[in-house]
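S.K.: after the sequence you'll find the predicted model.
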There are 2 protein chains.
Amino acid sequence: MPEVGIDAISFYVPSLYVHLQDLAEHRDIPFEKLSRGLGLEKMAIPDVNEDAASFAANALFSLIEDNNIDPNQIGRVYMGTESAVDGSKPTATYAVQAVETKLAGKWGERSFKNCDIVDLTFACVGAVDAMQNCIDWVKAGTKRKAVVIASDLSKYDLNSTGEYTQGAGAVAVLISESPSIISIGDTWGIGSNSVGDFFKPRRFYNKRELALALLKQSNADYSEGKIDSLIEEADSEFWQDGGEIIEVFREEPVFDGQYSNQCYSDRITEALEHFNEQISGSFLTESDYLVFHLPYAYHGRRIIFRNWLDWITSNGQIDNLISEIGPETEDRKSWERAAIKSEMYRQFVNKKIEMGERASSRIGNMYTASIFMSFLSLVRSCMENDIDLDGKNIGFISYGSGSKSKVFEGKMVSGWERKLASADIFDNLHRRIAIDVNLYEKLHRGVQEAPTHSNSSIVLQGIETENKNSKGLRRYS
Amino acid sequence: MPEVGIDAISFYVPSLYVHLQDLAEHRDIPFEKLSRGLGLEKMAIPDVNEDAASFAANALFSLIEDNNIDPNQIGRVYMGTESAVDGSKPTATYAVQAVETKLAGKWGERSFKNCDIVDLTFACVGAVDAMQNCIDWVKAGTKRKAVVIASDLSKYDLNSTGEYTQGAGAVAVLISESPSIISIGDTWGIGSNSVGDFFKPRRFYNKRELALALLKQSNADYSEGKIDSLIEEADSEFWQDGGEIIEVFREEPVFDGQYSNQCYSDRITEALEHFNEQISGSFLTESDYLVFHLPYAYHGRRIIFRNWLDWITSNGQIDNLISEIGPETEDRKSWERAAIKSEMYRQFVNKKIEMGERASSRIGNMYTASIFMSFLSLVRSCMENDIDLDGKNIGFISYGSGSKSKVFEGKMVSGWERKLASADIFDNLHRRIAIDVNLYEKLHRGVQEAPTHSNSSIVLQGIETENKNSKGLRRYS
């Protein structure tokens, strides 16, 4: 069996960001709580003409152009997203179409004609699922090439606790034999349990009740029969179309943050156990570096702490911790607080986790793309600091609410830096445009009409409004 | 490499149906047009407490129970659907949870603890994608077992042209080494092109405009400032929550039927070419039987006609057609009409396609599940008519709007009937309950409150409405 893994990597992050110092001031909370507590610095904000499809298109375009890939040779474009723009047509098709059109002069009109395209959905873990399947597919053939795209935007209510963790963007990776960057191992640890820690349900409303709620405040006649005739006569498809029930979609999830942290912790613990059973060894021992799904930058270092404690207990290193902070006391909680602040844990975090957090601090939560961005953050940080990753093991710890964790390992390939030159994430993040909270709020509420900023990227050009048979179809270019 | 394919198959079809004779009478169109023209007889209708998750749960439960599978041994549950109940949490997790709970006494509380679960979305082809990936995964290991579920409901506007083709239900298949029913080949033909022939976009509305449309019909004061304060004061989350823009989801797709037929035809032609290139042979020559994605029962026989014509032209059998209907004339269209009505084409359809249509006539469009149901229809028809399928090649022709076709082959395994005894689709369809058009319309419009019919299946028990942090979470049992 040949080695299979990531041969090239590319990304797209919106040009706009809000500095969390600004937001913290507006929300009247200490910035330190966000920066020191959660590792947050900036959050990426999509412009009015950006969405998960346009992010994906830009990441795919860069991947192809920067690495001079012939798209006719790409057998698959598999996308993980929980920000799909349609309930039936995969968001990946919109992305591929934009790229296919842009590349038509160079590679022909239908360069993705025989390409297998699909979306996978499992909250933030869907793109890891896409990658695992693409690896199996590449292994099952000869010289196959697959692209995996992770693309999302995370949106929370204004003034909510989730607001600071928002982010957006996409990462695309090329999966091939004899990969240039990292070869992915055959062992996958999985922890699954269906829970409702975070989800995006549709909200059901009765049309008559909606009308009534509004009319009751007014001086209008809202008697029994009157409401029905008002609805019937109202000049809007909203009131005219379909049945009595309106299903509203909101990008903002329903979630319970604390419970979701617990689910994340439980699932990764189960997935690590499942992994360790298969290798009769230890994931944490094998991993030189750890890469996480990061809802916020410091989430990984917080959530892995208990697993670290179990690990140093099982391998005898607990003695070093005890010599630093003393033996476990009856007050287990304060002992654990001391342990998480210990020099020993700090060194573990600094060596194995911190470099993978850097991009997240400046982007925010990218959902499916977060773990791939964490990997990019790690490898670009090592490149820039001349840290040799040849042959190093990277442990990947992914989580999707709902809930599932998948953990797996990769080994860095000698010469891994070569194909990373074009994926200069930190330089890109430096070149973004800061927007103020006022504009951010307009974008959030959907009342900003014109794009804030013109750029050369692929953007949403418009949504069909006239033709009845294609109303709602999105055009990108 | 061991043979891998379908080892067991199970299904769930709602207990309720509308006879299309009844609907045709209500819509004042000739039933013959539906029955003779499209092959339609009955359409399955979901009860108020049924959805894609409950269908899937029931199909999964039957698969496990009828075949005495230990769920702890199932490494994957991959689901194709375009009727997802959530934008982030996979519909498959809801289905697995219901089954896991129901089986807890027998197999333990967490029998799916290490199971990989995910949804795949590409209109009607997503479950074929799920199956291909599960086959690769089973091949990559030893003694692996995966379940693929296709689950959907197709809903079109009342009085629309799509109304007659509605349907619903799920099919679940067990994928394993040395399968009992059919072994799936390694060659997959793909045709892809991003088009908007059929999709499920969100509809965007401005809250103020919605209010205005309603208020304008009334005698209320709807002056500039007044509307905003009415909205602010209205006692409904609909008016209160989020920004100025409302995104409405509708199960009913936006589509262009004729254009979609053309896309289906174009994509399967491309996929067949792609397949034939790889085998340096002919899919149609190799296939003893053909199984299609069937938007309506006779869609396959209509859509494959041109490919059949090309095929008999290339293999010389065109002479037989010419002796039957005469040589091609200048009026190509009428000659083709004669060809499609020829005894030669009728025999091709009757031998290779018709048995796969039977279930579809009585259920309607099952979207992702349609092609799997077509396969079940074929094999159960052969069983009941003592037709020997040992070693026969089945050609699968799938299509998903948006658009992609995937074609592949399977070879029936000796003893294929054994595990099909429990999957008695035709008997099940006989035992359903006919509902009248009045009740059907109530169900369609969402105004029927209580379930129409009590049964022992897994159903949607409720949707959380109180707890803010889990509002919208669905409970099944």
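M.R.: Perfect, I can see it now.

S.K.: isn't there a helix covering A:Ala359?
M.R.: Yes - remark: A:Ala359 belongs to a helix, assigned using DSSP: H, G, I helix; E, B strand; the rest coil.

S.K.: can you give me the helices for the stretch 101-250 of chain A?
M.R.: Counting by DSSP state H, counting those that start in this stretch, residue ranges of the helices within the stretch 101-250 of chain A are A:104-107, A:126-139, A:207-215, A:224-233, A:237-240.

S.K.: doesn't A:Leu460 make contact with A:Arg475?
M.R.: Yes - here A:Arg475 reaches A:Leu460: they are 7.4 Å apart, a contact under CB atoms under 8 Å. Where you see a C-beta, it was placed from the backbone N, CA and C, and this is true even at glycine.

S.K.: more crowded one of these two?
M.R.: Counted by other CB atoms under 10 Å in any protein chain shown, A:Arg475 and A:Leu460 do not tie: A:Leu460 has more neighbours, with 22 against 14.

S.K.: ok, now which ones touch that one?
M.R.: A:Leu460 is in contact with A:49-51, A:53-54, A:474-476, counting by CB atoms under 8 Å, 6 or more residues apart in numbering or on different chains.

S.K.: tell me the pLDDT at it?
M.R.: If you check A:Leu460, the pLDDT there is 96.

S.K.: bridged to it, which residues?
M.R.: Per DSSP bridges, the residues bridged to A:Leu460 are A:Tyr476.

S.K.: roughly how far does it sit from B:Tyr476?
M.R.: Going from A:Leu460 to B:Tyr476 by CB to CB, to the nearest Å gives 36 Å.

S.K.: next: A:Asp331.
M.R.: Distance from A:Asp331 to B:Tyr476, by CB to CB: 43 Å.

S.K.: more neighbours, those two?
M.R.: For A:Asp331 versus B:Tyr476, neighbours defined as other CB under 10 Å are more numerous around B:Tyr476 (23 against 10).

S.K.: tell me who's in contact with the more buried one.
M.R.: Residues in contact with B:Tyr476 (CB under 8 Å, 6+ apart) are B:53-54, B:57, B:94-95, B:97-98, B:458-461.

S.K.: now the strands: where do they sit in the stretch 301-450 of chain A?
M.R.: Counting by DSSP state E, counting those that start in this stretch, the stretch 301-450 of chain A has strands at residues A:393-400, A:404-412, A:433-434.

S.K.: output the contacting helices and strands for the first one.
M.R.: Same thing as strand A:393-400. Applying 3 or more CB pairs under 8 Å, 6 or more residues apart in numbering or on different chains; DSSP states H and E, one finds that strand A:393-400 makes contact with helix A:126-139, helix A:257-279, helix A:283-286, strand A:289-292, helix A:370-384, strand A:404-412.

S.K.: pLDDT averaged over it - what is it?
M.R.: If you average the pLDDT values across strand A:393-400, you get 98.

S.K.: show me what that strand pairs with in its sheet, parallel or antiparallel.
M.R.: Strand A:393-400 is paired, per DSSP bridges, with strand A:289-292 (parallel), strand A:404-412 (antiparallel).

S.K.: could you export these as a markdown table, including mean neighbour count and mean pLDDT?
M.R.: Converted to a markdown table, the strands paired with strand A:393-400 look like this (neighbours: other CB atoms under 10 Å in any protein chain shown; pLDDT from 0 to 100):
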| stretch | mean neighbour count | mean pLDDT |
| --- | --- | --- |
| strand A:289-292 | 26 | 98 |
| strand A:404-412 | 25 | 98 |
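
S.K.: let me have those in a markdown table, adding distance to B:Ser360 as columns.
M.R.: Output for the strands paired with strand A:393-400, formatted as a markdown table (distance: least, CB to CB, whole Å):
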| stretch | distance to B:Ser360 |
| --- | --- |
| strand A:289-292 | 46 |
| strand A:404-412 | 34 |
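
S.K.: still on that earlier bit, and the helices and strands packed on strand A:393-400: which comes nearest B:Ser405?
M.R.: Proximity to B:Ser405 (CB to CB) singles out helix A:126-139 among the helices and strands packed on strand A:393-400, at 18.1 Å.

S.K.: and the closest one, what's its mean pLDDT?
M.R.: In the prediction, helix A:126-139 has an average pLDDT of 98.

S.K.: would you mind measuring the gap between the ends of stretch A:137-149?
M.R.: 16 Å (CA to CA, to the nearest Å).

S.K.: and that stretch, what's buried?
M.R.: Neighbour-count burial for stretch A:137-149 flags A:137-140, A:144-149 (criterion: 16 or more other CB atoms under 10 Å in any protein chain shown).

S.K.: so what touches it?
M.R.: Contacts for stretch A:137-149 (CB under 8 Å, 6+ apart): A:1-2, A:4, A:7, A:56, A:59-60, A:63, A:69, A:73-80, A:92, A:95, A:127, A:130-131, A:134, A:170-177, B:133, B:136, B:139-140, B:186.

S.K.: I'm done for today, thanks for sticking with me.
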